[in-house]
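Asks: just coords:
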């Protein structure tokens with residue numbers, strides 16, 4: 001793209017500026033379409049828990065929140081149920097995911113986040129060590145084999161993505177919420 005016209009040189013010629021922007025947009029669109037035919041892309045939310053990196057499907061995540069300033073304790077609930085949070089007028093149960101999995105309590109730091117699960121029937125916010133943002137993978141990088149994890153969550157893993165020496169286990173939030181252990185929150 002060495003023959004591209006600098007956009008600043010066209011600021012006093014609006015029609016030519018629009019024509020150049022249109023040309024560039026079409027070129028990028030053609031490139032994306034060409035790349036898109038080689039394979040589909042999977043997008044997930046990357047998070048850290050107990051020192052390991054995980055992915056959760058973007059579709060299973062409604063939003064990511066900071067730790068709510070106050071949680072109302074639920075009497076008679078298991079210790080991994082941290083309490084109820086008022087999120088924009090809706091009550092949200094907050095669960096310490098590490099503690100639920102039996103791998104210790106999530107330390108509360110400035111990076112601690114609540115991943116709000118996108119589930120039709122079961123509202124839940126899962127407390128995790130850190131959320132790292134979106135990660136994109138080609139579907140060809142997926143393997144059905146999940147590696148062993150520090151957090152002991154193998155029964156909730158749905159495979160892993162591998163890129164170079166990195167392994168990203170895919171944690172199924174749906175499997176976590178629909179498990180019998182999760183529904184038995186009463187102590």
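Replies: Cool, the structure landed. No experiment lies behind these values; they were computed from the predicted model shown. Numbers count the residues shown, from 1 in each chain.
Asks: Toward the C-terminus from the helix or strand bottoming out on mean pLDDT in the chain, list the very next helix or strand.
Replies: For the chain, using mean pLDDT, DSSP states H and E, the weakest element among its helices and strands is helix 14-36, scoring a mean of 72. Of the helices and strands lying after helix 14-36 in sequence (DSSP states H and E), the nearest is strand 41-49.
Asks: Pull out the buried positions in that following strand.
Replies: 42, 44-45, 47, 49 (16 or more other C-beta atoms under 10 Å). (C-beta placed from N, C-alpha, C; glycine too.)
Asks: Tell me where this protein has strands.
Replies: 41-49, 52-57, 61-66, 81-87, 90-96, 113-117, 125-128, 130-138, 142-143, 157-163, 166-171 (DSSP state E).
Asks: Distance to residue 74 for the ones you listed - can I get that in a markdown table?
Replies: Putting the strands of the chain into a markdown table (distance: least, C-beta to C-beta, whole Å) gives the following:
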| stretch | distance to residue 74 |
| --- | --- |
| strand 41-49 | 22 |
| strand 52-57 | 24 |
| strand 61-66 | 18 |
| strand 81-87 | 6 |
| strand 90-96 | 8 |
| strand 113-117 | 16 |
| strand 125-128 | 13 |
| strand 130-138 | 24 |
| strand 142-143 | 38 |
| strand 157-163 | 28 |
| strand 166-171 | 24 |
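Asks: Let me know which of the ones you listed is tucked in deepest.
Replies: Highest mean neighbour count of the strands of the chain: strand 125-128, a mean of 25 (counted as mean count of other C-beta atoms under 10 Å).
Asks: What is that one packed up against?
Replies: strand 41-49, strand 81-87, strand 90-96, helix 97-101, strand 113-117 (3 or more C-beta pairs under 8 Å, 6 or more residues apart in numbering; DSSP states H and E).
Asks: And the residue nearest the centre of the protein?
Replies: residue 45 (1.9 Å; C-alpha atoms, centre = their mean).
Asks: which ones are touching that one?
Replies: The contact partners of residue 45, by C-beta atoms under 8 Å, 6 or more residues apart in numbering, come to 55-58, 61, 64, 115, 131, 133-135.
Asks: On the strand side of things, show who residue 90 bridges to.
Replies: residue 87 (DSSP bridges).
Asks: actually residue 41, not the one I typed
Replies: Assigned bridge partners for residue 41, using DSSP bridges, are residue 138.
Asks: wouldn't it be in contact with residue 139 here?
Replies: Yes: taking contacts as C-beta atoms under 8 Å, residue 41 lies within contact range of residue 139: 7.2 Å.
Asks: coming back round to it: dump the helices and strands packed on strand 125-128 into CSV; add distance to residue 162 and mean pLDDT as well.
Replies: Formatted as CSV, the helices and strands packed on strand 125-128 follow (distance: least, C-beta to C-beta, whole Å; pLDDT from 0 to 100):
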stretch, distance to residue 162, mean pLDDT
strand 41-49, 12, 95
strand 81-87, 33, 96
strand 90-96, 29, 96
helix 97-101, 23, 96
strand 113-117, 23, 97
